[in-house]
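J.: heads up, no residue letters with this:
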């Protein structure tokens, strides 16, 4: 019936070596459901000794959430006159009657001759039958007791965590740094607004001037168009005429090819526009890094500065974040600014729109002459259109920087957002003045983060012992 049971035989305290007592406690707490204390009284007379009480107390300490008297039995090993121990029946009865005097409480005290297998089995049957009847209630009682202890521990830990959460708030040296921060902020605000306003005035003065880099790139593109027009020779025209079946067919093909060849020369203007805008953004970044003292917030590279600060700004500082985002994302491109303005001058090189058609009896010379005229007109038209756009980079630069200044300096509440942001990063902006405070702030943040992690781990739903 009990073939799936595991019996663990442990020595008594008098037989233990160094460390055995700890192993006994761990075994009792983790591996057993019931304990049989076995004691063989002497036939000459016996009593409950200190070692017996200590053994009992050791077992009781192993499982504090369930009283030992609910899961233990005392077995008094009775011997007869023929045994080496002699007849101890009377002493077994005496010990059984004095059990409670020593506060040795158990489910039952059993007297049996353990050398007799039938008697020993009867002892085990009584213990196991008790477990069959009571194991569910014992488990529930144990679980309830553990849950109550966990709840008390949860409440105790919560109380200590609240103390930990409050302790640094009480020690915040705000009074010692706030006045200094206000003085430094006022100076920074004056420097920052002065630097950006000066830059804006400079851009305004230059907005109607031709952008030198862009102009040089335009001149280079026009020069390339004239030097390498992509116009075929008479021999090539004759070969094309033979291949496609007539001068008109060859003519229309050449119009497409020359237009494509011509327009690709203007793609290089994109690089000049990007360089122009990059310089403007770098100038703004320089003011923010120097007069705004924000260099310490980033890697210190002008080309990435605006993006880095944009990412640093929290969402609740909406005016500042919008301003930085607008400037950081702004781009000037050939396709967006120029391409649509010069494409109309390439219509003459489009077969269906060209104004210069071949005569009734065309020749290779006529095809060549027409192509040269149309190419020259297209280049001339593009050149004039581009000359009118040489001020566009400067005008675009002024417009985007003025928009940026409006957002981050002039909009209602912008100064307040700067104060909030700079207060948070003060130790990086004013490293010397706030070095000690910065260390305290870092410690404060790490401390509170640890407290919050501990609080999350201490939630009751993580500490449920019972389902």
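T.: Noted; the coordinates are in hand. Because the structure is predicted, anything quoted here is derived from the model rather than measured.
J.: mind listing what residue 48 touches?
T.: Applying Cβ atoms under 8 Å, 6 or more residues apart in numbering to residue 48 gives the contacts 95, 98, 99, 101, 102, 104. (Each C-beta comes from the backbone N, C-alpha and C, glycine too.)
J.: which SS class is residue 76?
T.: Judged by DSSP: H, G, I helix; E, B strand; the rest coil, the three-state class of residue 76 is strand.
J.: assess the claim that it and residue 90 are in contact.
T.: No: using Cβ atoms under 8 Å, residue 76 is not in contact with residue 90; the gap is 11.4 Å.
J.: neighbour count: the two, which is higher?
T.: residue 76 (24 against 12; other Cβ atoms under 10 Å).
J.: okay, how far is it across stretch 227-242, tip to tip?
T.: 28 Å (Cα to Cα, to the nearest Å).
J.: buried ones in it?
T.: 229, 230, 231, 232, 237, 238, 240, 241 (16 or more other Cβ atoms under 10 Å).
J.: among those, which are located in helices?
T.: Among the buried residues of stretch 227-242, the residues falling in helices (DSSP state H) are 237, 238, 240, 241.
J.: contacting residues for the last one?
T.: Contacts for residue 241 were tallied using Cβ under 8 Å, 6+ apart; they are 247, 249, 250, 364, 367.
J.: buried members of these into PyMOL, please.
T.: The buried residues among the contacts of residue 241 can be selected in PyMOL (16+ other Cβ under 10 Å) with this line:
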select buried, resi 247+250+364+367
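J.: does residue 71 touch residue 106 like I think?
T.: No: using Cβ under 8 Å, residue 71 is not in contact with residue 106, being 9.0 Å away.
J.: compare the two (neighbour count), which wins?
T.: Legend: neighbour count by other Cβ under 10 Å for residue 71 and residue 106, higher for residue 71 (23 against 20).
J.: gap between the residue nearest to the more buried one when sequence neighbours are not counted and residue 72?
T.: Excluding the flanking residues, the one nearest residue 71 by Cβ to Cβ, 6 or more residues apart in numbering is residue 34, at 5.1 Å. Remark: distance between residue 34 and residue 72 (Cβ to Cβ, to the nearest Å) = 7 Å.
J.: which one's more surrounded, the two?
T.: The residue with more neighbours, out of residue 34 and residue 72, is residue 72; 22 against 17, by other Cβ under 10 Å.
J.: check what pLDDT that one gets.
T.: We have a pLDDT of 85 for residue 72.
J.: for the closest residue to it other than its chain neighbours, grab the count of nearby residues.
T.: Leaving aside its sequence neighbours, residue 72 sits nearest to residue 35 (Cβ to Cβ, 6+ apart; 4.2 Å). Using other Cβ under 10 Å, residue 35 is surrounded by 22 other residues.
J.: not counting sequence-adjacent ones, nearest residue to residue 278?
T.: residue 303 (6.9 Å).
J.: what helix or strand is the one you found on?
T.: Residue 303 is part of helix 302-312 when elements are defined by DSSP states H and E.
J.: list the helices and strands that helix packs on?
T.: helix 269-290, helix 318-329 (3 or more Cβ pairs under 8 Å, 6 or more residues apart in numbering; DSSP states H and E).
J.: from the contact counts, what lies against the last one?
T.: Translated: helix 318-329. Under the contact rule (3+ Cβ pairs under 8 Å, 6+ apart), helix 318-329 is packed against helix 269-290, helix 302-312, helix 392-405, helix 414-424.
J.: show me what the third one is packed against.
T.: In this structure, helix 392-405 makes packing contacts with helix 174-206, helix 269-290, helix 318-329, judged by 3+ Cβ pairs under 8 Å, 6+ apart.
J.: which residues are in contact with that helix?
T.: Residues contacting helix 392-405 (Cβ under 8 Å, 6+ apart): 196-197, 199-200, 203-204, 206-211, 214, 273, 276-277, 280, 284, 323-324, 326-327, 330, 332, 337-338.
J.: and stretch 76-95, by the same measure?
T.: Stretch 76-95 is contacted from outside by 38-48, 96, 109-115, using Cβ under 8 Å, 6+ apart.
J.: what's the first-to-last distance across it?
T.: 8 Å.
J.: you'd agree residue 64 is in a strand?
T.: No: counting by three-state DSSP, residue 64 falls outside a strand, being coil.
J.: count the neighbours of it for me.
T.: Residue 64: 12 neighbours (other Cβ under 10 Å).
J.: what of residue 412?
T.: Residue 412 - counted by other Cβ under 10 Å - has 7 other residues nearby.
J.: is it part of a helix or strand, or is it coil?
T.: Under three-state DSSP, residue 412 comes out as coil.
J.: please apply the same query to residue 331.
T.: Assigned with three-state DSSP, residue 331 falls in the coil class.
J.: show me what contacts it?
T.: Contacts of residue 331 (Cβ under 8 Å, 6+ apart): 274, 277.
J.: now residue 211
T.: Residue 211 sits in contact with 272, 276, 390, 391, 392, 393, 394, where contact means Cβ under 8 Å, 6+ apart.
J.: pretty sure the first one contacts residue 217?
T.: It stands for residue 272. Yes: the criterion here is Cβ under 8 Å, and residue 272 meets it with residue 217 at 3.7 Å.
J.: residue 133: which of the helices and strands packed on helix 318-329 is closest?
T.: Among the helices and strands packed on helix 318-329, the nearest to residue 133 by Cβ to Cβ is helix 414-424 (66.2 Å).
J.: ok, back up a step: could you dump the helices and strands packed on helix 318-329 into JSON lines with mean neighbour count and mean pLDDT added?
T.: Below are these laid out as JSON lines (neighbours: other Cβ atoms under 10 Å; pLDDT from 0 to 100):
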{"stretch": "helix 269-290", "mean neighbour count": "19", "mean pLDDT": "91"}
{"stretch": "helix 302-312", "mean neighbour count": "17", "mean pLDDT": "88"}
{"stretch": "helix 392-405", "mean neighbour count": "20", "mean pLDDT": "92"}
{"stretch": "helix 414-424", "mean neighbour count": "17", "mean pLDDT": "91"}
